[in-house]
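Engineer: Got a predicted model here, sequence first, then my questions.
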Amino acid sequence: MTTHVKTAHLSVAVDLQNEASSTKIFGFWVYLMTDLTIFAALFACFLVLHGNSFDGPKLKELYHLGPVLYETLCLLTSTLTCALGLLAAYRAQKGASILFFILTFCLGAAFLFLEISEFISFIGQGAGPERSAALSSFFTLVGTHGFHITCGLIWMVIMMFRIGLYPLTHHALSRIFCMALFWHFLDFVWIFIFTVVYGIGYLL
Amino acid sequence: MNHAIGSRITGYILSLILTCIAFFIIIEPEFFGFANMGAVIAIFCLALLQSIVQLIFFIDVWHEKDTFWNVTVFASTVSIIFVVIFFSILIINHLNYNMR
């Protein structure tokens, strides 16, 4: 088994040996896809409503794109460290794996901090979610993503303890794989938030 | 395994480059010679490219033995997303146009 892990070309190859893990990952994949459908509905909502500022502050005037770039870079880098943490777990290098997940956690927390300070600055300028339809859709879409990030961070802490305390069996590895998949999925959604919410909101 | 790490780092560098290009198009569309609508189309294309990079280099559910169902679920979700977003915009713009 260990030699197979070492020679495995890609991480998922490990899970091929175990039918149950494979089914679990498929189930999680289906969950992620339904989650993507929720995000699609929120994106449609934002695209329809982003111009309706109800004589309040326009989204374009509220945006500060500098912090948004930092948020994006945080999330992109955290995706890389998360993937490296997973690969380290597959090689049974517990220390390296936990180190990479701690890095991922810090970058995710930095992302969340920037996002919450953006929300607070919006509300401070009298542009809370109740001000206009555009702001409601903005806060719902970006807030839903932030909520997912929060859940991902909690999950990551639990996984770090698991890696530290228990042996890395098939089941443990497939759970870590699902967590990493969730994190990559959040980065995937953020690409479109960056483009649609900030890009289109700023340009149109 | 080194190959796997290399592919992750390649994906990371590609996505950094794509993000920076998209960011500069957003803040300086005139520099690239885009009108606002052209810039929107450009950044949307970049986002599609970047999502493909993410799908290939990070989200690796495509290497499993029976990858058929993963791909099927993904394809059906993409079609649902297309229907929801495209037709929402179409219908609301049409209503807006007719009720003016």
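Structural biologist: Thanks, I have it.
Engineer: on contacts alone, who are the packing partners of the lengthiest helix in chain B?
Structural biologist: Assignment by DSSP state H gives helix B:68-98 as the longest helix of chain B. Packing contacts for helix B:68-98, counted by 3 or more Cβ pairs under 8 Å, 6 or more residues apart in numbering or on different chains; DSSP states H and E, involve helix A:19-49. Yep, even glycine has a C-beta here, placed from its N, CA and C like the rest.
Engineer: Buried by neighbour count: which residues of the helix it packs on qualify?
Structural biologist: For helix A:19-49, the neighbour count (16 or more other Cβ atoms under 10 Å in any protein chain shown) marks A:21-22, A:24-26, A:28-29, A:32-33, A:35-36, A:39-40, A:42-49 as buried.
Engineer: swap in stretch A:116-123?
Structural biologist: Within stretch A:116-123, the residues that count as buried by 16+ other Cβ under 10 Å are A:Glu118, A:Phe119, A:Phe122.
Engineer: In terms of distance to chain B, which of these ranks first?
Structural biologist: Closest approach to chain B among the buried residues of stretch A:116-123 (Cβ to the nearest Cβ): A:Glu118, at 16.2 Å.
Engineer: who's in contact with the closest one?
Structural biologist: Shown in contact with A:Glu118 (Cβ atoms under 8 Å, 6 or more residues apart in numbering or on different chains): A:His64, A:Pro67, A:Val68.
Engineer: quick one: which helix or strand includes it?
Structural biologist: Assessed by DSSP states H and E, A:Glu118 sits inside helix A:94-124.
Engineer: Just after that helix, pick out the following helix or strand.
Structural biologist: Downstream of helix A:94-124, the first helix or strand assigned by DSSP H and E is helix A:133-165.
Engineer: Could I get the average pLDDT for that following helix?
Structural biologist: Averaging pLDDT along helix A:133-165 gives 96.
Engineer: Do that helix and chain B come into contact?
Structural biologist: No - Helix A:133-165 lies out of reach of chain B by Cβ under 8 Å from any Cβ of the partner chain, never closer than 11.7 Å.
Engineer: mind checking how far that helix is from the chain centre?
Structural biologist: Centroid separation for helix A:133-165 versus its chain: 7 Å, with Cα atoms, centre = their mean, to the nearest Å.
Engineer: helices or strands next to it in the packing?
Structural biologist: Counting by 3+ Cβ pairs under 8 Å, 6+ apart, the packing neighbours recorded for helix A:133-165 are helix A:19-49, helix A:59-62, helix A:94-124, helix A:170-192.
Engineer: So which other helices or strands are in contact with the first one?
Structural biologist: What it means is helix A:19-49. Counting by 3+ Cβ pairs under 8 Å, 6+ apart, the packing neighbours recorded for helix A:19-49 are helix A:13-16, helix A:133-165, helix A:170-192, helix B:68-98.
Engineer: Same question for the second one.
Structural biologist: Contact analysis of helix A:59-62 by 3+ Cβ pairs under 8 Å, 6+ apart lists helix A:133-165, helix A:201-203 as its packing neighbours.
Engineer: For the residue nearest to A:Arg131 when sequence neighbours are not counted, the count of nearby residues, please.
Structural biologist: Nearest residue to A:Arg131, sequence neighbours excluded (Cβ to Cβ, 6 or more residues apart in numbering or on different chains): A:Gly56, at 4.6 Å. Neighbours of A:Gly56 under the rule other Cβ atoms under 10 Å in any protein chain shown: 18.
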